[in-house]
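my questions concern the predicted model and sequence given below.
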Amino acid sequence: MIELEIHILSDRREGLLVELGRVVIASGFTLLRQRVYQDKQGAWLAMVVRGEPERQLGLEEMLATHHRVLSFEATLLAPGAAAPSPAPRVAEATASSPAPPSIRHIGPDVGKVESMLPQLARDYPKIFPWLLALEHEVAADAREASLLLAGRRTGAWVYKRDYAMGGKLGLADAIKRIAMPALRALVATDVRERHFHLQNCPLCPPGGQSGCRFFSGYLEGMLGESSSPQSVFVRHLHCRSSSHGQGDCVLEVSH
């Protein structure tokens, strides 16, 4: 388990804790401490949350795309350290206080992902050049979260385009009848119950950076739309980029 200290800037404080607390819980995290306060920049929500490390990017994506969030910063707390009470980003304003520092955005580059979605839809399933371009256009600390967001949006779009006429399915049936054939249109895939083995993934070059987050998001977006219950989580188990091209990229679906 990990603990994150998160500082969120919004335009108003009414209902901020309730709305974003729901996002934290829906993302599989537990809210440990929180504080809401106001300064000249706007309303701030400071939180310490705890959850599984694999769910961090999903939480950051949900926060980055939430309509109440103007910007946010997430800090990973040291293992074993006592969780502090969330404090304001700056001291209480005084006449001699310096201007509040700018907030470094953590999470996906929503603007760049949104601007690329029309190209992904136009060229689908030949989308890997666009995804490789996205990796290079976003900041390094936004790369994985941006791929995850692009995957979720693409998976949800493919479901609505090709599969939405049917009713909701159980997770096992949704994997077999929807996710498996859809993913095979993008990359050679072997499915073993809830494990997806991606062969020679074009986003994961040997010795390079992993692009598996796109496929995690793709499955979450597609299965979240097609299956019941809708809360689907994809765990990244192995990537060939970290093993010099040996083996498959492996993803595990759960809910």
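Alright, I've got the coordinates.

going by C-alpha atoms from here, please, whenever you check contacts or count neighbours.
Noted.

pLDDT below threshold where in the stretch 101-250 of the chain?
Residue ranges of the stretch 101-250 of the chain with pLDDT under 70: 101-106, 229-230, 243-246.

residue boundaries of the strands in it?
Assigned by DSSP state E, counting those that start in this stretch, the stretch 101-250 of the chain shows strands spanning 189-192, 195-198, 233-238, 249-254.

will you turn these into TSV that also has mean neighbour count?
Shown next, in TSV, are the strands of the stretch 101-250 of the chain (neighbours: other CA atoms under 10 Å):
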stretch	mean neighbour count
strand 189-192	16
strand 195-198	23
strand 233-238	18
strand 249-254	20
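
what's the first-to-last distance across stretch 242-255?
For stretch 242-255, the first-to-last residue distance is 27 Å (CA to CA, to the nearest Å).

and for stretch 35-54?
End-to-end distance (CA to CA), stretch 35-54: 25 Å.

buried residues in that stretch?
36, 38, 43, 44, 45, 46, 47, 48, 49, 50, 51 (16 or more other CA atoms under 10 Å).

mind checking the SS state of the first one?
Secondary structure state of residue 36, per DSSP: H, G, I helix; E, B strand; the rest coil, is strand.

name all residues that make contact with the nearest residue in space to it that is not next to it in sequence.
Closest residue to residue 36 apart from its sequence neighbours, by CA to CA, 6 or more residues apart in numbering: residue 45 at 4.6 Å. Residues in contact with residue 45 (CA atoms under 8 Å, 6 or more residues apart in numbering) are 6, 7, 8, 9, 10, 16, 17, 34, 35, 36, 37.

if we use 6 Å, what do you get?
7, 8, 35, 36 (CA atoms under 6 Å, 6 or more residues apart in numbering).

which among these gets closest to residue 207?
Set against residue 207, the nearest of these by CA to CA is residue 7 (34.5 Å).

double-check that that closest one belongs to a strand.
Yes. Under three-state DSSP, residue 7 falls within a strand.

does it touch residue 70 like I think?
No. Using CA atoms under 6 Å as the test, residue 7 is too far from residue 70 to be in contact (10.9 Å).

okay, these two: which has more neighbours?
Set residue 7 next to residue 70 and count neighbours by other CA atoms under 10 Å: residue 7 wins out with 23 against 17.

and the more buried one, what are its bridge partners?
residue 46, residue 73 (DSSP bridges).

distance of it from residue 209?
To residue 209, residue 7 is 28 Å away according to CA to CA.

hmm, back to that, any chance of the buried residues of stretch 35-54 in CSV, plus pLDDT and distance to residue 108?
Converted to CSV, these look like this (pLDDT from 0 to 100; distance: CA to CA, whole Å):
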residue, pLDDT, distance to residue 108
36, 94, 24
38, 91, 26
43, 92, 22
44, 94, 20
45, 94, 20
46, 94, 20
47, 94, 20
48, 94, 20
49, 95, 19
50, 95, 20
51, 94, 19
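
in three-state terms, label the residue nearest the centre of the chain for me.
Nearest residue to the geometric centre of the chain (CA atoms, centre = their mean): residue 58, 3.0 Å. When classified by three-state DSSP, residue 58 comes out as helix.

skipping adjacent residues, who's closest to it in space?
Counting by CA to CA, 6+ apart, the residue nearest residue 58 is residue 27, at 6.7 Å.

isn't the one you found right next to residue 60, touching?
No. The criterion here is CA under 6 Å, and residue 27 misses it with residue 60 at 9.2 Å.

those two - which one has more neighbours?
Neighbour tally, residue 27 and residue 60, criterion other CA under 10 Å: the higher count belongs to residue 60, 25 against 22.

find the nearest non-adjacent residue to the more buried one, please.
residue 107 (5.1 Å).

residues contacting that neighbour?
Counting by CA under 6 Å, 6+ apart, residue 107 touches 60, 61, 142, 145.

distance of the third one relative to residue 26?
Counting by CA to CA, the gap from residue 142 to residue 26 is 22 Å.

so for these two, which sits in the more crowded spot?
Taking neighbours as other CA under 10 Å, residue 142 and residue 26 compare with residue 142 leading, 20 against 13.
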